Structures are given as C-alpha cells and as structure tokens.
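Engineer: okay, sequence plus prediction incoming.
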Amino acid sequence: MIGGGQGAFIGAVHRMAANLDGQMELVAGAFSADAKNSRITGEQLFLDPARVYGSYQEMARREAARPVAEHLDFVVIVTPNFLHAPVATVFLEAGFHVVCDKPMTLNLKEAKALRAVVRRTGRVFALTHNYTGYPMVKEARELVRAGKLGKILKVVAEYPQGWLLDRIETTGHKQAAWRADPKKAGASCCLGDIGTHAENLGRYITGLQIDSLCASFTTFIPGRKLEDDANLLLRYQGGGQGVLTASQVSCGEENDLNIRVYGTLGSLAWHQEHPNELKYQPKGEPACVLRRGNGYVSEVAKKFTRLPFGHPEGFIEAFANLYLEAGAAMRDHAAGWRGTYDFPTVDDGVIGMAFLETAVKSAKSKAKWTKFVSIK
C-alpha cells in the first residue's frame, strides 16, 4: 500500500476490503511521505520492518529486487490525487499490478499517459469506483441491459454531503486540506471527489456516454480555492438527458449518493445509504422494491452477494467486490490468459478525467454547453 498511514481514512477501508475474503494479505507499504508515520503504521499493522519504506520509489526498487517467490502481486494507491499517476507509473514499470483510488490522476493529460503505460506493460489496473460493487447496482444494470426500462430518457444522479460546510481545511483536517488544494487535488474539489462517482455510476448502470454538458460551479465558503458545489445538465449520445448534482456544503447530508433512471418502459431508483434495496417501477404496473439476497434477483447480483437476505451488506462488501474481481484478473494474468471482469479500469479513469476537464471548461465558459472532450 502507498499512502493510508496514520490520520488517513480511505487506506483503512481498502485494507479491510482487500482482506474481507481472506484472499489477499498486506505485506509491504510506504504509508506516508513522513518516514516516521510510515514506520509507526507498519508497526501497528504488524508488518516486517524491512518491508516498510520511507518513500514509494525506494519501495518499488527494493521490492522489485526480491526473489520471485517473495514478489508483491500488486500495490494499492491511496494517496492524494497528484501522486496517483507517478506512483502507478513507477510500479507498473517495475512489473506490479495496480489498484488505484479515484479520480485516477490530476488531469486528463496524465490519465492518457497512464493508460499508455498500462497498455504497454500489460499489467492489471483497477480503479476503485467502489459503488459499482453493490449487488443492487449490478441488478439495476441488468434491468437496463435486459430492456426492462426501454429506451433511457433521463438520468438523475445526486451526491450531497455536508462535511465541508465549514472551512475545516485551515484547522488541520488532513483530507480537507489536500482536497481543497488545487496543487494536490487538481482543478476540482467537489466534482473531482464525489461528482466523479455520480458520473461513473450513471454510466455503469445505463451504458450511456455523455455527448455534452453544461456546468455551474460555486464556491460558497469564503477563502476556499476550489468549488464546494456543482450542478450539471447532461446530454447523452443517442438523445437521453441527465442532471448531475454534487455538493459538500449540503447541511445535514452524510453520504447520500443516489440515482434515478427513467425509460420508456419503466424506471429505477437506488440510494447508497439504503444499498440493499432497488426500487423498480414498470410502466402501468405497481412499483416494487427488489432486495439483495433474494432468489428473484439476477445471477450477476447473486454472484456479488455474500450474506442471505435479511442480513445487510454495505460499503466494505461493495469495496471488496472490486478486489475480488481484480484478484481474479491478476490470477488469470499469472496463468497466461484473460477473461471478462467486472471492475473499473484505466479506461474508466480516462473517461472520468475527461468528464472533469469538460465540466471545468464549461463552468468557466460563457457559452456553457460544452462538447465532451476527446478521450483518444
């Protein structure tokens, strides 16, 4: 693991998710740019001190030199955004697979360069858009694929939070400090952090690609360098329309990522804070609530369900589903063949960065409606 030391949130989530099914073991890390922090974190995780490093460069060099029997299978990157591309590149070039937090890079140029490295090295690269790991999100996608909604007319995706309602980046709050810093987070705070999840979720469920968008960014908190609220209108290829809103200054909201998809034959709705349920409304029929773990859900939803109905599954399990699929891809890679896997890839990362670049461009433009930038 690169990053995820003392004071970090998402690193611990990754460690729990990767370990949930007993197939992966953490053996090495460069957990912080602060060598002392990294050392203490390694001690807390009971790692061999010889495999706890003060820098990712040292870790890549020394781990690559180990005997084949002791080689790492993959690295997990949970650093601030500006380090994603350089860290991933170093480890891909050294022959390791990579699991990387989102957004994938600092900008689109870096994303395209990283995609080229992934293609050239042939390594597995998984991007942790973890909300796609929920069984009922997969069920929603299966309903769309089966034509149950007909032609998709409108997609509404929302991600309201309230944790940045105060300017906590100036109070020593570690995550807020780097997310509000353009040098570390990139050109966007709110949309880059959570809006990319909303975009990815809509694309994952419907398969629709954005053709153009109209974005409005607002920085409500005085002195903040990046936006803390974003509202977008979307036009999809093929004629569908969309609304995407992300906010980190919505008082009282916790983590209410939700999506509604409307088609000519039906609609669906899913809320991340109630992840085991999916509302499905067929045209002209009573609405129904589909629940994870029941025999009537699709085989895909069943595949990614661990517990019987009535026993809730949540955030860690969804995250772990991405690790299961990435692990399968890594095992197949070692065996010399490749199958079909269900996890976000470097291509999803490029699309995500193109989404951000287009939105930032639109927000700054007087014309507003902006064509989706090229991902080639």
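Structural biologist: Cool, the structure landed.
Engineer: what are the phi and psi values at the closest residue to Glu139 other than its chain neighbours?
Structural biologist: What sits nearest to Glu139 in space, not counting adjacent residues and going by CB to CB, 6 or more residues apart in numbering, is Ala301, at 4.1 Å. Any C-beta I mention is one placed from the backbone N, CA and C, and that applies to glycine too. Dihedral angles of Ala301 (phi, psi; degrees, to the nearest 10) stand at phi -60, psi -40.
Engineer: I'd say Asp332 and Thr340 touch.
Structural biologist: No. Using CB atoms under 8 Å, Asp332 is not in contact with Thr340, being 10.1 Å away.
Engineer: what's the distance between Leu92 and Ser216?
Structural biologist: 37 Å (CB to CB, to the nearest Å).
Engineer: between those two, which one's more packed in?
Structural biologist: More crowded of Leu92 and Ser216, by other CB atoms under 10 Å: Leu92, with 23 against 15.
Engineer: hang on, that one in a helix?
Structural biologist: Yes. Per DSSP: H, G, I helix; E, B strand; the rest coil, Leu92 lies within a helix segment.
Engineer: that older thread, same drill for Asp332 and Thr340, tell me which one is more crowded.
Structural biologist: Set Asp332 next to Thr340 and count neighbours by other CB under 10 Å: Asp332 wins out with 14 against 7.
Engineer: ok, that one - contacts?
Structural biologist: Arg338, Gly339 (CB atoms under 8 Å, 6 or more residues apart in numbering).
Engineer: that one: which element?
Structural biologist: Secondary structure assignment for Asp332, by DSSP states H and E: helix 315-335.
Engineer: and for Glu139?
Structural biologist: helix 135-145.
Engineer: then Gly310?
Structural biologist: Per DSSP H and E, there is no helix or strand for Gly310.
Engineer: how close does it get to Glu317?
Structural biologist: 15 Å.
Engineer: got it, and Ser362?
Structural biologist: Applying CB to CB to Ser362 and Glu317 gives a distance of 36 Å.
Engineer: can you check Leu290 too?
Structural biologist: Taking CB to CB, one finds Leu290 at 17 Å from Glu317.
Engineer: again, but for Arg179
Structural biologist: From Arg179 over to Glu317 the distance is 26 Å, taken as CB to CB.
Engineer: reduced to three states, what does the residue lying farthest from the centre of the chain come out as?
Structural biologist: No residue in the chain sits farther from the centre than Gly284, which is 35.7 Å out by CA atoms, centre = their mean. For Gly284, the assignment made with three-state DSSP gives coil.
Engineer: next one: the one 5 residues further on
Structural biologist: The local conformation at Val289, judged by three-state DSSP, is strand.
Engineer: for it, list each beta-bridge partner.
Structural biologist: Bridge pairing for Val289 (DSSP bridges) gives the partners Lys279.
Engineer: relative to Pro308, how far out is it?
Structural biologist: Val289 sits at a distance of 18 Å from Pro308 (criterion: CB to CB).
Engineer: just Trp270 next, same as before
Structural biologist: In terms of CB to CB, Trp270 sits 21 Å off from Pro308.
Engineer: quick one, which of those two is more surrounded?
Structural biologist: Neighbour count, other CB under 10 Å: between Trp270 and Pro308, Trp270 has more, with 24 against 9.
Engineer: need the pLDDT of the more buried one.
Structural biologist: For Trp270, the pLDDT comes out at 98.
Engineer: partners of the host helix or strand of it in the sheet?
Structural biologist: Element membership for Trp270 (DSSP H and E) is strand 266-271. Here strand 266-271 is paired, per DSSP bridges, with strand 258-263 (antiparallel), strand 277-282 (antiparallel).
Engineer: three-state assignment of the nearest residue to Ala177 once chain neighbours are set aside?
Structural biologist: Leaving aside its sequence neighbours, Ala177 sits nearest to Glu169 (CB to CB, 6+ apart; 4.7 Å). When classified by three-state DSSP, Glu169 comes out as helix.
Engineer: tell me the contacts of Glu169?
Structural biologist: Ala176, Ala177, Arg179, Ala180, Asp181, Arg224.
Engineer: burial measure for Ala113, as a count.
Structural biologist: Ala113 has 13 neighbouring residues, counting by other CB under 10 Å.
Engineer: was I right to think it contacts Pro86?
Structural biologist: No. The pair Ala113 / Pro86 is not scored as a contact, 10.4 Å apart, by CB under 8 Å.
Engineer: now stretch 24-43: buried residues?
Structural biologist: Judged by neighbour count using 16 or more other CB atoms under 10 Å, the buried positions of stretch 24-43 are 24, 26, 28-32, 37-42.
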